[in-house]
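J.: got a predicted model here, sequence first, then my questions.
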Amino acid sequence: SPDRDGAPALEMVDVVKRFGSGTTEVRALTDVSLAVATGEVVAVMGPSGCGKSTLLHLAGGLEDPTAGQVRVAGLDVPQMPPAQRAALRRTDVGYVFQRLNLVVTLTALENVMLPLELEGVRTREARACAREALATVGLTDHLDRFPDDFSGGQQQRIAVARALAGRRRLVLADEPTGALDTVTGDQVIEL
């Protein structure tokens, strides 16, 4: 097994991602290679449709590359069985989706607790960790309310808190400050 602590947080080698085939084939990514060290912040920029979200989906194990290698903390993500991949996302990879993906039937606090509890963290510890993550993004009140009771910007902060809760090796964010004002957006980027 690889030395996870010495490995890059994210490594991609000659990654290709194609959708469709023949005349309808679209190459979303062509020969992408990168290594992101622990503690390093990388921004992927480009016009709409250039493959930014696809790159993040591959990095988080949500999709497989057509060719090439994707490793998170030294682990070969495309080779993992689905259950192991899901466990990696619960413990090592925090993800802020463009569409937030908050569970509407869970409170703000429960949404942030969810990945921790799924991994077996005791409820009391998960609650404390979730409260700390929510406070970090400036949310300390009304945590017993449901996502629809919050503004779009507040929902975005709940999603960011969920991605930051626990000991993440890698945080992947797809436009994490899109619904936030400049000051709050700057704070989220700093986190």
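T.: Now that the structure is in, tell me what you want to look at. Numbering: from 1, shown residues only.

J.: which parts of this protein are helices?
T.: Per DSSP state H, the chain carries helices over the ranges 52-59, 82-91, 108-118, 123-136, 152-164, 182-190.

J.: so can I have TSV of the ones you listed showing mean neighbour count, mean pLDDT and distance to residue 27?
T.: In short, each C-beta sits where N, CA and C put it, glycine included. TSV is the format used below for the helices of the chain (neighbours: other CB atoms under 10 Å; pLDDT from 0 to 100; distance: least, CB to CB, whole Å):
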stretch	mean neighbour count	mean pLDDT	distance to residue 27
helix 52-59	21	92	10
helix 82-91	15	86	24
helix 108-118	22	93	33
helix 123-136	17	94	37
helix 152-164	22	88	29
helix 182-190	13	77	30
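
J.: among those helices, which is nearest residue 75?
T.: Among those, helix 82-91 comes nearest to residue 75, with 6.8 Å by CB to CB.

J.: what comes into contact with stretch 83-96?
T.: 56, 59-61, 72-73, 75, 77, 80, 115, 118-119, 156, 159-160, 162-174, 176 (CB atoms under 8 Å, 6 or more residues apart in numbering).

J.: with stretch 36-53 instead?
T.: 8-11, 17, 28-29, 34, 55-56, 98, 169-170, 174.

J.: how much space between residue 153 and residue 93?
T.: 24 Å (CB to CB, to the nearest Å).

J.: re earlier: which of the contacts of stretch 36-53 are buried?
T.: Neighbour counting by 16 or more other CB atoms under 10 Å classes 8, 9, 10, 11, 17, 28, 29, 55, 56, 169, 170, 174 among those as buried.

J.: quick one: which of those sit in strands?
T.: Mapping those onto strands (DSSP state E) picks out 10, 11, 17, 28, 29, 170.

J.: and the last one, how close does it get to residue 180?
T.: To tie it back to what came earlier, the one meant is residue 170. Counting by CB to CB, the gap from residue 170 to residue 180 is 22 Å.

J.: do the same with the fourth one
T.: Summarising the geometry, the distance separating residue 28 from residue 180, computed by CB to CB, is 27 Å.
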